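A.B. asks: Below is the sequence, then the predicted model.
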Amino acid sequence: METDLTFITNEPNRRLVDRFNVLIKDTKFFDVLVGYFYTSGFYAIYKSLGKTEKIRILIGISTGKQTLNLINQSKQESLPFSHAETKEEFGNAVIAELGESDDKKEIEEGVHKFLEWLRSGKLEIRAYPAQNIHAKLYIMTFAEEDRDVGRVITGSSNFTQSGLSDNLEFNVELKEPNDYDFAKTQFEKLWQDAVDVKDKYINTIQERTWLNDTVTPYQLYLKFLYEYFKDEISQTDEVFFKYVPTEFKRLEYQEQAVLNAKKILDEYGGAFISDVVGLGKTYMAAMLASQLDGRTLVIAPPVLLNKENPGSWPNVFSDFRVSADFESLGKLDSLIRRGTEKYKNIFIDEAHRFRTETNITYEKLAQICRGKRVILVTATPFNNSPKDILSQIKLFQKSRKSTIPGTPDLERFFGRLEGKLKGLDRQKDQTKYIKAVKDNATEIRDKILKYLMVRRTRKEIEEFFPDDLKSQGLRFPEVMDPEPVFYELNDDEDKVFNETVTLLTQKLKYARYMAMLYYQGDVTQPEQLAQKNMGRFMKILIVKRLESSFFAFRNTINRFIASYEMFIDQYDKGAVYVSKKYSNKIFELLENDDESRILKLIEEDKAQKYDSGDFDKNFRRNLEHDLDILKRIRELWSTVNRDPKLLTFIEMLSSQKSSPKINFLYLRSQKRLPTT
């Protein structure tokens, strides 16, 4: 390869870095005058400078475009920087350069060698305070006994990686003594007027760049957090630029939740908003919806769609001027008939209701959500089984081709967790069962939910957003640990109670509510499942009444008896009415403790009519069996004249008259309490 060149262009065999490595290895003094000097490019030649006695680097300080425009407009000559300004500009340039340089071992070694030589005095660096220096000049002075006094290379190349080897440049090597003398004289003049930036350079490298050897692990961790979350930090003002009600208290923890939820939504196609109760999930959802393109559909329980409720979905979305359609959980059929293709965003409130895939409602919801962005709003996404979570995730993720990092097969992941619980009895193996549940919950949180869920507790809000709450004048009430209040049944009450539980859970067949299981015609598997669920829900309902209050339980027994008697009467007249179509609506009414509407819906002409002759003969016999049991229960409770639970509650309230009390009741019928 030819190295003794006149013109150096960075073309093959004509790279400036190669020519330098040939010339400067025998150089006694090496002087550099450039407009741009990148320390990160120093590694390319520093090894050849090992024997060089003195290296001097003089750089120009570039001027920003805005400053140049002002100078041109005023037609003034550029003014020199002060020494302090020169050092500051130089420091900023070093920070910018290393911030954009490649993270390579060679670059780091070159920078450390540069610092070493600065400290030893072998290398000096100065900055010229005037802005109009654009020369690129490299002066090599040889030892006295060498070939000649020295060489000069000048042209277009700055002392950067690009200038030394990457860019197409045009440089010339001058070998005449006169050229060397002229260049050397001019360099010395400029050097005398330049500002020493050695200390500034060392301090900048050590304190303001990634080459800082004094960075602690904690500081590095903070830097990592900043880099990871800087997009969210910088977007906060932009994201919430849209309309919010004037009376709405802007809370940072809510805005951060929306930012995180949107990031999750963009990445995975769905997100859980699962802050604990009372932190404003509906408001967060409204703010999130305002940031999304496309039409929005909200699916929620009917009580949360009632416009008479100030906190209902329609009212909150209206307050935030967010356009959306709203539909009840029990009307998915009509929603599908109208078509859901127009929607891009699906918000599902009380999403934990869809923990089970094996029911018709879930299948319909999955059909609605297919291909949409899905936002699941629930404070309790995980209740009984690991697959509670899987069912909800499958509304927006493919179970066998998940995009969740490290878990491509969700079915396998959750199936393995289910296997840990298999064979464990909750009562007999209580310790092992609880440990397995906790281990599963930890694994689900760490490997799945951390990617998909926004969830904070009140304690976390108080810990991480104290200034936010203080500035808004808000505080969460202190919640004490629950204290058990015991009440005691007398012998007769205990006997009646235990016999009733046995009759309800082991003897009563709930045939009235599972009519299609006795139908001798065609019944689909989903219809059979819906009927079984109906019987299960009715059992849950009546047992909850027994546990809530004796008054509520007596009323429920009377309603059941009346319903059975009416049903049997219609059966004997040749007709059986079954409300297959409204089974989902009935489940909603069950959860809302609306027995009267349940019976009304079942017994009205909205239910489908069948001929009683098309049913198995055991159906009539089981109806009579259930009616006899219900009457037996009513007879048992006719001897119970008091409610010890209610009496204990009244006594407790009477002993605490000095403090205000808020009582949360599960059932509407519990409202009928005596005044104390």
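C.D. replies: Perfect, thanks for sending it.
A.B. asks: Please make it C-alpha for all contacts and neighbour counts, starting now.
C.D. replies: Fine.
A.B. asks: Specify the local secondary structure of residue 245.
C.D. replies: coil (DSSP: H, G, I helix; E, B strand; the rest coil).
A.B. asks: pretty sure it is in contact with residue 320, am I right?
C.D. replies: Yes: under the criterion of Cα atoms under 8 Å, residue 245 makes contact with residue 320 at 6.0 Å.
A.B. asks: pLDDT (mean, whole number) over stretch 327-345?
C.D. replies: Stretch 327-345 comes out with an average pLDDT of 89.
A.B. asks: mind checking the end-to-end distance for that stretch?
C.D. replies: The first residue of stretch 327-345 is 14 Å away from its last residue (Cα to Cα, to the nearest Å).
A.B. asks: rewinding a little: tell me which of residue 245 and residue 320 has more neighbours.
C.D. replies: residue 320 (19 against 12; other Cα atoms under 10 Å).
A.B. asks: now that one: how far from residue 291?
C.D. replies: On the measure of Cα to Cα, residue 320 and residue 291 end up 11 Å apart.
A.B. asks: Pull up the overlap in contacts between the two.
C.D. replies: Here residue 320 and residue 291 share no contacting residue, scored by Cα atoms under 8 Å, 6 or more residues apart in numbering.
A.B. asks: neighbours around residue 243, how many?
C.D. replies: Residue 243 has 12 nearby residues by other Cα under 10 Å.
A.B. asks: Contacts only, for it.
C.D. replies: 320-321.
A.B. asks: Surely residue 530 is in a helix?
C.D. replies: Yes: judged by three-state DSSP, residue 530 forms part of a helix.
A.B. asks: How confident was the prediction at it?
C.D. replies: What the model reports for residue 530 is a pLDDT of 79.
A.B. asks: So it versus residue 507, what's the distance?
C.D. replies: From residue 530 to residue 507 the distance is 21 Å (Cα to Cα).
A.B. asks: Of the two, which one has the most company?
C.D. replies: A count of neighbours by other Cα under 10 Å puts residue 530 above the other of residue 530 and residue 507, at 22 against 13.
A.B. asks: all helices of the stretch 551-676 of the chain, in order?
C.D. replies: 583-591, 595-603, 617-637, 644-654 (DSSP state H, counting those that start in this stretch).
A.B. asks: Give me the number of neighbouring residues for residue 18.
C.D. replies: For residue 18, the tally of surrounding residues (other Cα under 10 Å) stands at 17.
A.B. asks: change the start of the numbering to 6 and stick with it
C.D. replies: With 6 as the first residue, the last one maps to residue 23.
A.B. asks: which residues touch the helix or strand where it lies?
C.D. replies: Per DSSP states H and E: residue 23 is located in helix 21-28. The contact list for helix 21-28, computed with Cα under 8 Å, 6+ apart, reads 8-9, 13-15, 49-50, 53, 145, 168-170.
A.B. asks: mind listing the helices for the stretch 106-255 of the chain?
C.D. replies: Remark: helices assigned in the stretch 106-255 of the chain by DSSP H, counting those that start in this stretch are 110-125, 166, 182-198, 203-213, 222-244.
A.B. asks: Tell me the buried residues in the helix or strand just after the longest one?
C.D. replies: Right, the one you point to is helix 222-244. Later in the chain than helix 222-244, the nearest helix or strand by DSSP H and E is helix 257-273. Residues of helix 257-273 classed as buried: 258-270, 273 (neighbour count, 16 or more other Cα atoms under 10 Å).
A.B. asks: okay, those in CSV with distance to residue 59 and pLDDT next?
C.D. replies: Shown next, in CSV, are the buried residues of helix 257-273 (distance: Cα to Cα, whole Å; pLDDT from 0 to 100):
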residue, distance to residue 59, pLDDT
258, 59, 83
259, 61, 85
260, 58, 84
261, 56, 86
262, 59, 88
263, 59, 89
264, 55, 87
265, 55, 89
266, 59, 91
267, 58, 91
268, 54, 90
269, 57, 92
270, 59, 93
273, 59, 93
